[in-house]
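[1] Sequence first, predicted coordinates after that:
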Amino acid sequence: MKPLAQQSLYEILEVAPDSSVGEIEAAYARARETYAPGSIVTYTLMSPEDAELLAARLDEARTTLLDPAARAAYDSRLGSQEEPAPSPWPPAFPPVIPALVLAPSSPDDEDDEDDAPAGDAVGRDGPAPAEAPPVARPEPMARPTPLPIRLEREIPAPARTPPPVRAPIPLHTPVPVASPPVAREAAVPDGTAWTGEVLRQLREARGISIQQISERTKVTRHHIENIEADRYGHLPAPVYLRGILLGIARELRLDGQKVARSYLERMAAAAGNAPGARR
């Protein structure tokens with residue numbers, strides 16, 4: 001999870017880079033309502049420094065993204081900062097290096113060498129070696145015709161294999177074994193209070209393990225287990241917890257804004273009712 005100061009203006013407002021002006025204004029109003037000065041979330045769960053930094057970044061996002069010229073310049077700077085990800089796989093095959101093949105000499109070249117003067121050949125290659133006497137090739141021998149093999153006694157024919165024994169026909173028809181029922185996704189009613197227990201039930205209903213959620217969202221199992229158990233005292237700051245909740249909701253195919261807002265409100269209410277809470 002990136003720190004708040006390193007998030008882009010689109011990540012601050014939780015909108016896509018191609019969002020319209022209306023979507024940006026709605027996201028700004030929603031964020032201002034949730035993290036307004038004096039709200040229950042800001043008052044009980046955020047330090048004054050984090051609240052001040054978040055408010056400044058929200059104003060910067062609204063001022064920049066609602067101005068077409070400023071937004072175009074910001075998008076250009078944002079695109080130049082992104083580096084292409086290196087390829088995770090090596091090339092499938094090593095590069096092929098063509099071998100050097102010597103072209104055979106043509107018959108004309110051989111004729112030219114035969115016509116060259118003997119003196120040039122001697123001066124170029126040294127004294128000519130003596131010719132070796134021809135070697136006589138042996139005449140091929142004819143293969144002898146194989147003779148039939150005589151048997152002293154008659155070989156009996158192989159015994160015939162008996163036919164396979166068939167299994168007896170059962171007197172009753174076997175009852176087919178029913179396949180286990182396929183788990184259906186649990187329906188989510190409107191106005192659901194998003195607690196850790198509700199998130200756990202939906203995750204199990206969709207057949208997703210905590211390990212799978214951790215690998216997909218890059219969130220540790222420790223944080224996911226604390227969220228599902230509503231252990232608010234062991235969770236990170238709301239600025240980072242909101243991003244974790246958005247990632248979990250995305251993997252469970254839920255509305256991330258509703259899940260994060262509902263969970264943070266319940267967490268703030270629990271912190272306000274706890275002994276020793278700020279007043």
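    Sure thing, it's come through.
[2] in the stretch 1-150 of the chain, what spans have low per-residue confidence?
    Confidence mapping of the stretch 1-150 of the chain against pLDDT under 70 gives the ranges 1, 38-46, 82-142, 144, 146-150.
[3] how far away is R261 from H222?
    Using Cβ to Cβ, to the nearest Å, one gets 24 Å for the distance from R261 to H222. Backbone N, C-alpha and C define where each C-beta goes, glycine included.
[4] ditto for K258
    K258 is 25 Å from H222, by Cβ to Cβ.
[5] which of those two has more neighbours?
    Neighbours were counted for K258 and for H222 using other Cβ atoms under 10 Å; K258 has more, 15 against 10.
[6] who touches the nearest residue to the more buried one once chain neighbours are set aside in this structure?
    Nearest non-adjacent residue to K258, counting by Cβ to Cβ, 6 or more residues apart in numbering: W194, 6.9 Å away. Contacts for W194 were tallied using Cβ atoms under 8 Å, 6 or more residues apart in numbering; they are 258-259, 262-263, 266.
[7] would you turn those residues into CSV with pLDDT and distance to R216?
    Conversion of the contacts of W194 to CSV gives the following (pLDDT from 0 to 100; distance: Cβ to Cβ, whole Å):
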residue, pLDDT, distance to R216
K258, 92, 20
V259, 93, 16
S262, 92, 22
Y263, 93, 19
R266, 90, 25
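[8] Go through these and give me the one with the most neighbours.
    Counting by other Cβ under 10 Å, top hit in these: Y263 with 27 neighbours.
[9] Check which helices and strands the helix or strand that residue falls within sits against.
    Assigned by DSSP states H and E, Y263 falls within helix 256-273. Contacts defined by 3 or more Cβ pairs under 8 Å, 6 or more residues apart in numbering; DSSP states H and E place helix 256-273 against helix 21-34, helix 40-45, helix 238-251.
[10] Now do the buried residues in that helix.
    In terms of neighbour count (16 or more other Cβ atoms under 10 Å), helix 256-273 has its buried residues at 256-257, 259-268, 271.
[11] quick one: contacts for K2?
    Counting by Cβ under 8 Å, 6+ apart, K2 makes contact with E11.
[12] how close does it sit to Q212?
    Here K2 is placed at a distance of 23 Å from Q212 (Cβ to Cβ).
[13] buried stuff in stretch 238-248?
    Within stretch 238-248, the residues that qualify as buried are 238-248, counting by 16+ other Cβ under 10 Å.
[14] and of those, the nearest to K218?
    G247 (7.9 Å; Cβ to Cβ).
[15] Run a quick neighbour tally on the nearest residue to the closest one once chain neighbours are set aside.
    Once flanking residues are discounted, G247 sits nearest to T217: 3.8 Å by Cβ to Cβ, 6+ apart. Number of residues near T217 (other Cβ under 10 Å) recorded here: 19.
[16] And R203, by the same measure?
    What R203 shows, counting by other Cβ under 10 Å, is a neighbour count of 19.
[17] What is the helix or strand harbouring it packed up against?
    Here R203 is covered by helix 196-205, with elements defined by DSSP H and E. For helix 196-205, the packing partners by 3+ Cβ pairs under 8 Å, 6+ apart come out as helix 221-228.
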